[in-house]
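[1] model the structure of this input:
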Amino acid sequence: MLEVKTLDKPDERRDFPRGHLEAVHMTGLDFAVATFEPGWRWSESVGPIAGTKSCGIHHNGYVLQGRMHIRMDDGAESEVGPGDVFVCPPGHDAWVVGDEQVVVHDFAGAMATDYAKAD
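    Predicted structure coming up:
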């Protein structure tokens with residue numbers, strides 16, 4: 001079955017402090033576009049909604065714009081920016097670096113279905 005959707009008309013939008021997520025849901029693919037404003041930090045903006053110490057979502061992402069720093073619970077750290085493709089397992093904090101908003105496309109699925117939803 002062929003399915004085509006446009007990000008101009010997402011199936012849902014979730015707003016959270018200093019950001020939002022737009023998702024499309026298709027057979028075999030839940031796709032998310034997340035926008036994070038300067039000052040956004042997962043532990044401050046989404047953590048209280050999720051009710052967890054760190055992000056429990058697996059991400060397969062592509063950064064369109066901006067820079068984001070990621071710190072894993074085990075202490076590993078990295079920064080991602082425009083053009084970077086990344087895989088980030090559950091158990092991390094992340095925050096916007098600088099004054100530019102960050103836009104990430106996430107293909108892993110869980111971000112589109114579960115991110116920024118209360119447990």
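[2] which other residues reach the host helix or strand of residue 86?
    Here residue 86 sits within strand 85-88, counting by DSSP states H and E. With contact meaning CB atoms under 8 Å, 6 or more residues apart in numbering, strand 85-88 is reached by 58-63, 70, 72, 78, 80, 94. Just so you know, the C-beta spots here come from the backbone N, C-alpha and C atoms, and that holds for glycine as well.
[3] can we see that at 10 Å?
    Contact with strand 85-88 is made by 55, 57-63, 68, 70, 72, 78, 80, 94, 104-108, as judged by CB atoms under 10 Å, 6 or more residues apart in numbering.
[4] so how far is the next helix or strand after it from its chain's centroid?
    Using DSSP H and E, the helix or strand that follows strand 85-88 towards the C-terminus is strand 92-97. Relative to the centre of its chain, strand 92-97 is centred 10 Å away, using CA atoms, centre = their mean, to the nearest Å.
[5] for strand 92-97, name the packing helices and strands.
    strand 29-36, helix 42-45, strand 67-72, strand 77-80, strand 102-106 (3 or more CB pairs under 10 Å, 6 or more residues apart in numbering; DSSP states H and E).
[6] just the buried residues of it, please?
    Neighbour-count burial for strand 92-97 flags 92-96 (criterion: 16 or more other CB atoms under 10 Å).
[7] which residues sit in contact with the residue nearest the centre of the chain?
    Nearest to the mean C-alpha position of the chain, counting by CA atoms, centre = their mean, stands residue 34 at 5.0 Å. Counting by CB under 10 Å, 6+ apart, residue 34 touches 14, 16, 19-23, 40, 46, 59, 61, 68, 102-106, 111-112, 115-116.
[8] buried subset of these, written for PyMOL?
    Buried residues among the contacts of residue 34 (16+ other CB under 10 Å), as a PyMOL selection:
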select buried, resi 14+16+19+21+22+23+40+46+59+61+68+102+104+105+106+111+112+115+116
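[9] what kind of secondary structure is residue 113 in?
    Using DSSP: H, G, I helix; E, B strand; the rest coil, the structure places residue 113 in helix.
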